[in-house]
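# heads up, no residue letters with this:
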């Protein structure tokens with residue numbers, strides 16, 4: 001019997017995407033897997049509809065009484081999976097579609113390298129499936145975040161690559177990793193918790209790989225310009241500062257200076273374009289970080 005894999009899908013008012021993701025998972029050819037859906041306090045009838053359509057396929061639906069964010073919601077699923085006995089945990093965004101062979105290819109990489117702690121697939125754009133959104137990446141101390149590798153065509157990279165971080169959009173992690181480092185740091189709530197997890201994995205001596213023959217598709221805009229919402233800017237800015245202070249404290253002044261100058265410049269452009277909510281969100285995030293306000 002191949003190793004048991006618990007697939008954790010976090011749903012928060014994303015029923016349509018979750019249903020499409022589950023439909024694609026039903027077609028995978030890896031036999032020993034189970035699906036755990038964590039509902040992060042959705043406002044609609046998401047849970048009942050998932051039960052109605054996928055009750056025979058989904059192993060468990062965990063309902064949170066509050067929105068715990070990406071980190072807290074996934075931690076619920078991780079704790080459940082470890083308690084029930086699993087060999088691997090797959091963190092998978094609900095707005096993804098998978099190829100039938102993606103999971104087996106990820107498992108095979110663990111068989112080839114016993115030091116592998118995390119293996120992730122190549123993540124392509126859903127609406128432009130030949131374009132790579134993320135092929136893993138490196139950790140940038142100055143920016144306080146992971147920087148993803150990407151290519152125009154998915155056939156450019158066809159071998160497993162050693163990387164410093166992979167996106168929390170999809171990462172296969174063996175249980176021993178969580179037994180050593182536990183789960184995501186819930187201080188992040190949203191954004192950058194995946195980079196922090198990867199760094200902790202590396203520091204325990206494990207390796208992180210991208211298996212480029214394994215492919216999934218992520219519903220993100222393939223625009224070259226990244227236009228974050230005010231909410232996203234708040235969490236991303238605050239969490240970059242927290243990530244560096246937590247993990248590279250001797251580098252914190254440089255990162256803080258870089259982020260501060262960058263946000264001053266961006267704020268000028270946002271004011272000119274009338275995007276006042278973004279200006280407010282960014283400077284609120286810096287004030288909250290300085291006062292120790294983390295989490296949600």
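Looks like it arrived, so ask away. Every value quoted in this text rests on a predicted model; they were computed, and no experiment measured them.

# Can you tell me the closest non-neighbouring residue to the spatially most central residue of the chain?
The central residue of the chain, meaning the one whose C-alpha is nearest the mean C-alpha position (C-alpha atoms, centre = their mean), is residue 168 at 1.7 Å. When the adjacent residues along the chain are set aside, residue 168 lies closest to residue 194, with 3.2 Å between them (C-beta to C-beta, 6 or more residues apart in numbering). All C-beta spots, glycine's among them, are computed from the backbone N, C-alpha and C.

# where does the stretch 101-250 of the chain have low pLDDT?
Low-confidence segments of the stretch 101-250 of the chain, defined by pLDDT under 70, span residues 151-160, 221-227.

# related to what we said a few turns ago, tell me the SS of the residue nearest to the centre of the chain?
Per DSSP: H, G, I helix; E, B strand; the rest coil, the local secondary structure of residue 168 is coil.

# got the contact list for it?
With C-beta atoms under 8 Å, 6 or more residues apart in numbering as the criterion, the residues that contact residue 168 are 70, 74, 91, 93, 184, 193, 194, 197.

# please redo it, this time with the cut-off set to 7 Å
For residue 168, the contacting residues are 70, 91, 193, 194, taking C-beta atoms under 7 Å, 6 or more residues apart in numbering as the criterion.

# beta partners for the residue lying closest to residue 51 once chain neighbours are set aside?
Counting by C-beta to C-beta, 6+ apart, the nearest residue to residue 51 once its immediate chain neighbours are dropped is residue 61, at 6.5 Å. With DSSP bridges applied, residue 61 shows beta-bridge pairing to residue 37.

# Could I get the pLDDT score of residue 61?
Turning to residue 61, the model gives it a pLDDT of 96.

# What is the burial count for it?
Applying the criterion other C-beta atoms under 10 Å, we find 19 residues in the vicinity of residue 61.

# which residues in the stretch 151-296 of the chain form helices?
Along the stretch 151-296 of the chain, counting by DSSP state H, counting those that start in this stretch, helices occupy 175-181, 193-203, 230-247, 252-272, 276-290.

# Need phi/psi at the residue nearest to the centre of the chain.
Main-chain torsions, residue 168, degrees, to the nearest 10: phi -70, psi 0.

# Report the angle between the longest strand anywhere in the chain and helix 193-203.
Across the chain, the strand with the greatest residue count (assigned by DSSP state E) is strand 207-218. Following axes from the mean of the first three to the mean of the last three C-alpha atoms, to 10 degrees, one obtains 150 degrees for the angle between strand 207-218 and helix 193-203.

# Just checking: what are the partner strands of strand 207-218?
Using DSSP bridges, the strands paired with strand 207-218 in its sheet are strand 96-98 (antiparallel), strand 116-125 (parallel), strand 161-163 (antiparallel).

# chain center to that strand, what's the gap?
Per C-alpha atoms, centre = their mean, to the nearest Å, the displacement of strand 207-218 from the mean C-alpha position of its chain is 13 Å.

# For residue 21, which non-adjacent residue is spatially closest?
Closest residue in space to residue 21, ignoring its immediate chain neighbours: residue 94 at 5.2 Å, by C-beta to C-beta, 6+ apart.

# How is this structure divided into domains?
When the chain is parsed with automatic domain parsing, its domains come out as 5-218, 230-290.

# If we ignore the residues flanking it in sequence, what's nearest residue 13?
Excluding the flanking residues, the one nearest residue 13 by C-beta to C-beta, 6+ apart is residue 42, at 4.8 Å.

# Do you know the pLDDT at the one you found?
Reading off the confidence values, residue 42 has pLDDT 93.

# For it, give me phi and psi.
Dihedral angles of residue 42 (phi, psi; degrees, to the nearest 10) stand at phi -60, psi 150.

# and the nearest residue to residue 131 once chain neighbours are set aside, what does it touch?
Counting by C-beta to C-beta, 6+ apart, the nearest residue to residue 131 once its immediate chain neighbours are dropped is residue 125, at 5.0 Å. Residue 125 makes contact with 131, 133, 217, 218, 220, 222, according to C-beta under 7 Å, 6+ apart.
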